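sequence first, predicted coordinates after that:
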Number of protein chains: 2
Amino acid sequence: MRHHGATAPAKGTTMALRAKRTGQPTINDVARLAGVSKKTVSRVINRSPLLGGATREKVEAVIAEIGYVPNPQARALALRHNFLIGLIHDNPNAQMVLNFQQGVLEAIRDTDFALVVRPLDRKSPRLLEDVRHFLERQRLYGVLLLPPLSENDELAALCRELGCNYVRMGSAKLDDPAHLVESNDRQAVAAAIGELAKMGHRRIGFVAGPAGFRSAHERQMGYRDAQAEHGLEQGAELVAVGDYTFDSGRAAGGVLLDSAPRPTAIFASNDEMAAAVLHAARERGIEVPGDLSIVGFDDTAIASHIWPPLTTVRWPIVAMARAAAMKLIRPEAAGEQPSLFLSDLIPRASAAPPRQSN
Amino acid sequence: MRHHGATAPAKGTTMALRAKRTGQPTINDVARLAGVSKKTVSRVINRSPLLGGATREKVEAVIAEIGYVPNPQARALALRHNFLIGLIHDNPNAQMVLNFQQGVLEAIRDTDFALVVRPLDRKSPRLLEDVRHFLERQRLYGVLLLPPLSENDELAALCRELGCNYVRMGSAKLDDPAHLVESNDRQAVAAAIGELAKMGHRRIGFVAGPAGFRSAHERQMGYRDAQAEHGLEQGAELVAVGDYTFDSGRAAGGVLLDSAPRPTAIFASNDEMAAAVLHAARERGIEVPGDLSIVGFDDTAIASHIWPPLTTVRWPIVAMARAAAMKLIRPEAAGEQPSLFLSDLIPRASAAPPRQSN
DNA sequence: CTGACTATGGAAACCGGTGTCACCATTGCC
DNA sequence: GGCAATGGTGACACCGGTTTCCATAGTCAG
């Protein structure tokens, strides 16, 4: 692969040789060996249609022979944009983030793009400053914003200001369709709780996500919709607030389980908190699903790893991530990807009819 | 892209304006406004010690005023390396990967580096080709290799061939210290099983990781060490093999639990398989820790999220990741970071003395 | 047969930084 | 006071691509 100048070097090409020694072959090497100009090689690489077949084949042969790969930094400099997609998130749920990464990577497979991850602290007062710094320094091709950061309109405004493409993931119409991949959390939660109602549950508790999160709000609205539609018991004591973390979920679950009368089912706004409610139930000797049904949201790995396996709403995050990435790198083909994704209930063992049904 | 020549006003000015309009201020703008040369601005940015205080302040004032940020692509082109660190992994455990990302990000905070993630399929026949393609295209500053991929010597050889810095994470002396961050899995497992022995367990099962993995091998050696040291019962029926995934762990746990006499404790080579052993126990109505103690390895989030909370060996992956990243970006300061990390046992509720001790 | 038009490819400028080296102004020293 | 050593600065080439502009050959219509 490396050509050391053992073969008779052409005249006065010390420069070219030095270049070759320090790195991989450049477009100049290809041009010289193929007997054409840089520009022609560039046209071959970029599949310009204005190129004759004979020249193209000759250049391609040389490229293959010496193993030439265009330097992405040089390309980025000339094109004024690079081939990096940023993933900006602050999510306590590892599995969700990794699933999202997986979806993005599926979308950029076989392209020149790569994925740069950038977790941030949503509570930091320097959040906007950090993002600005990140975007200005890296000059990414575009960024993907994950909830809950995606719900921050200031962040989106910052992206626009800096001229950075972006797509937001959200549970509501946060932005115009070109910048949004949306899920119908509200309907999905309502449907899931509807299933609990059909099993015979009348008193259903709800562990909400943190105030100020759009996803938390939408999911809670779904809970209210179901309460109204199925005539379920209502009351402020049926709702406890968490922040999507396990610990907060355990505390919230404890509050709900210590209230009297106790709910016969609890819906938690994500799987991690649902697992924590299960913890809280076990700490109190409450049997699941015998004495208490639990339903979560996300269908991340933890849902099937705990015992009993968690009935949960599957949030199609890999597909959503793929669609979001496609919107970013091929906006002209955005129509091929849906922008609204539907979540559906995955029945497992943590939800069952209440013991004393009726 | 194609401009129709019909409207062709003064071209020279158009170009200059477009250049300024499309982008942020450049080093040339700073130089002009500060009345110095590009090179001097470059010296300010790179903290060259040869700079007069007055000039430096003047340049810094201009930089702050117009909000200049160096273009990383241009820098990368001139320096012949960029500021991207690649993370190459194929790990079924999301939490572990995310913890690792966190550690790397801690190390590169306040530097110009960014993290590019690249999951791969270790079973793919195109593995080496994929990595080669990735490294050649992105021309990263360096890469970090996570187990199990880090154990692949061909991958490391490829990095060397392509002139790419790398650091491997491993459970054994896979490489020279400059390219390795190591953990003492063998001792840690031996110590953990020693604790089970001290509780009174004599018949301890072991769920091994997949054959061919160095970490799996080291952990199993630790098991054998403990058996020998504490005079524990031995036998092929006490060992079942998994592949670090939940499903494999459930199957392996089932085999161990269906054997007679049943082990009173099981050590699983990672937390995910330990959680799966717990599943298998529950499916059989076996109480944990009453009838069966379970110990895992990693101390990822799942360990504290399942019930009962899992006694496990804490693998200090965040610290290891930080150290690995430091080795990559500041090899001269590698001495400040330890290269060998010790894992210790975190006692929780899943391990207890056997019910009929003696 | 000639002029216009198209297809093709090259020279040179450009993207925005860094490295090399020469230059100048001090300063230190004898 | 002269000379060397030194520190600060700028001119210019370069990194490896893309783009603009232009030259040339070939084709076709009139």
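Done, it's in.

where does chain A have low pLDDT?
Where chain A drops to pLDDT under 70, the residues are A:1-23, A:49-52, A:334, A:356-358.

longest helix in it, by number of residues?
For chain A, the longest helix by residue count, based on DSSP state H, is helix A:214-230.

next one: it to chain centre, how far?
24 Å (C-alpha atoms, centre = their mean, to the nearest Å).

with just CA atoms, put it into CSV.
The C-alpha trace of helix A:214-230 is given here as CSV (Å, rounded to 0.1, in the frame of the first residue of the first chain):
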residue,chain,number,x,y,z
ARG,A,214,-43.4,18.4,26.6
SER,A,215,-43.2,14.6,26.5
ALA,A,216,-44.2,14.5,30.2
HIS,A,217,-47.1,16.8,29.5
GLU,A,218,-48.3,14.8,26.5
ARG,A,219,-48.2,11.5,28.4
GLN,A,220,-50.1,13.0,31.2
MET,A,221,-52.7,14.3,28.8
GLY,A,222,-53.1,10.8,27.5
TYR,A,223,-53.7,9.6,31.1
ARG,A,224,-56.4,12.3,31.5
ASP,A,225,-58.0,11.4,28.2
ALA,A,226,-58.2,7.8,29.3
GLN,A,227,-59.7,8.7,32.7
ALA,A,228,-62.4,10.7,30.9
GLU,A,229,-63.1,8.1,28.2
HIS,A,230,-63.3,5.2,30.5
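
in the stretch 51-200 of chain A, what residue comes closest to DNA strand C?
residue A:55 (3.3 Å; C-beta to the nearest atom of the strand). (Each C-beta comes from the backbone N, C-alpha and C, glycine too.)

that older thread, which is the next helix or strand following the longest helix of chain A?
Next in sequence after helix A:214-230, counting helices and strands by DSSP states H and E, comes strand A:239-241.

on contacts alone, who are the packing partners of that next one?
strand A:204-208, helix A:246-258 (3 or more C-beta pairs under 8 Å, 6 or more residues apart in numbering or on different chains; DSSP states H and E).

what strands line up against it, and which way round?
Each strand paired with strand A:239-241, and its direction, by DSSP bridges: strand A:204-208 (parallel).

residue A:263: neighbouring residues, count only.
22 (other C-beta atoms under 10 Å in any protein chain shown).

mind checking the SS state of it?
At residue A:263 the chain is in coil, as set by DSSP: H, G, I helix; E, B strand; the rest coil.

ramachandran coordinates for it?
In terms of degrees, to the nearest 10, the main-chain angles of residue A:263 are phi -60, psi 150.

how about the helices and strands packed on strand A:239-241 in CSV, adding mean neighbour count and distance to DNA strand C?
Compiled in CSV, those are given as follows (neighbours: other C-beta atoms under 10 Å in any protein chain shown; distance: least, C-beta to the nearest atom of the strand, whole Å):
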stretch, mean neighbour count, distance to DNA strand C
strand A:204-208, 26, 47
helix A:246-258, 21, 44
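
is it possible to export the ones you listed to JSON lines including distance to residue A:174?
Putting the helices and strands packed on strand A:239-241 into JSON lines (distance: least, C-beta to C-beta, whole Å) gives the following:
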{"stretch": "strand A:204-208", "distance to residue A:174": "19"}
{"stretch": "helix A:246-258", "distance to residue A:174": "24"}
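
just the strands from the stretch 101-250 of chain A, written as ranges.
A:114-119, A:142-145, A:165-170, A:180-183, A:204-208, A:239-241 (DSSP state E, counting those that start in this stretch).

CSV for the ones you listed, including distance to residue B:101?
Formatted as CSV, those follow (distance: least, C-beta to C-beta, whole Å):
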stretch, distance to residue B:101
strand A:114-119, 6
strand A:142-145, 16
strand A:165-170, 19
strand A:180-183, 23
strand A:204-208, 28
strand A:239-241, 29
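
residues contacting residue A:351?
Residue A:351 makes contacts with A:195, A:196, A:199, A:265, A:289, A:293, A:294, A:295, A:311, as judged by C-beta atoms under 8 Å, 6 or more residues apart in numbering or on different chains.

where's the fifth one, which helix or strand?
In the assignment (DSSP H and E), residue A:289 maps to no helix and no strand.

one step back: the residue of the stretch 51-200 of chain A closest to DNA strand C is in contact with residue A:39, isn't it?
No: with contact defined as C-beta atoms under 8 Å, residue A:55 does not count as touching residue A:39 (11.4 Å).

those two: who's more crowded?
The residue with more neighbours, out of residue A:55 and residue A:39, is residue A:55; 16 against 11, by other C-beta under 10 Å.

and residue A:345, which of the three is it?
Applying three-state DSSP: residue A:345 is strand.

contacting residues for the closest residue to it other than its chain neighbours?
Nearest residue to residue A:345, sequence neighbours excluded (C-beta to C-beta, 6 or more residues apart in numbering or on different chains): residue A:192, at 4.8 Å. Residues near residue A:192 by C-beta under 8 Å, 6+ apart: A:222, A:267, A:295, A:297, A:313, A:345.

just to revisit the earlier point, filter the contacts of residue A:351 down to just the ones in helices.
Per DSSP H, the contacts of residue A:351 map to helices at A:195, A:196, A:199.

for the longest helix of chain A, which positions count as buried?
Of the residues in helix A:214-230, those buried under the neighbour-count criterion (16 or more other C-beta atoms under 10 Å in any protein chain shown) are A:214-227, A:230.

can you list the helices and strands that that helix packs against?
helix A:185-199, strand A:204-208.

re the thing from before, between the helices and strands packed on strand A:239-241, which gets nearest to residue A:354?
strand A:204-208 (10.1 Å; C-beta to C-beta).

CA-only coordinates of the closest one, as PDB, when you get a sec.
Below are the C-alpha coordinates for strand A:204-208, written out as PDB (Å, rounded to 0.1, in the frame of the first residue of the first chain):
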ATOM      1  CA  ILE A 204     -55.000   3.900  38.200                       C
ATOM      2  CA  GLY A 205     -52.100   5.900  39.400                       C
ATOM      3  CA  PHE A 206     -49.800   7.900  37.200                       C
ATOM      4  CA  VAL A 207     -46.100   8.700  37.600                       C
ATOM      5  CA  ALA A 208     -45.500  11.800  35.600                       C
END
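
give me the distance from it to the chain's centre.
26 Å.

interface residues of the stretch 151-300 of chain A facing chain B?
For the stretch 151-300 of chain A, the contact set with chain B under C-beta under 8 Å from any C-beta of the partner chain comprises A:246, A:272, A:275, A:276, A:278, A:279, A:282.
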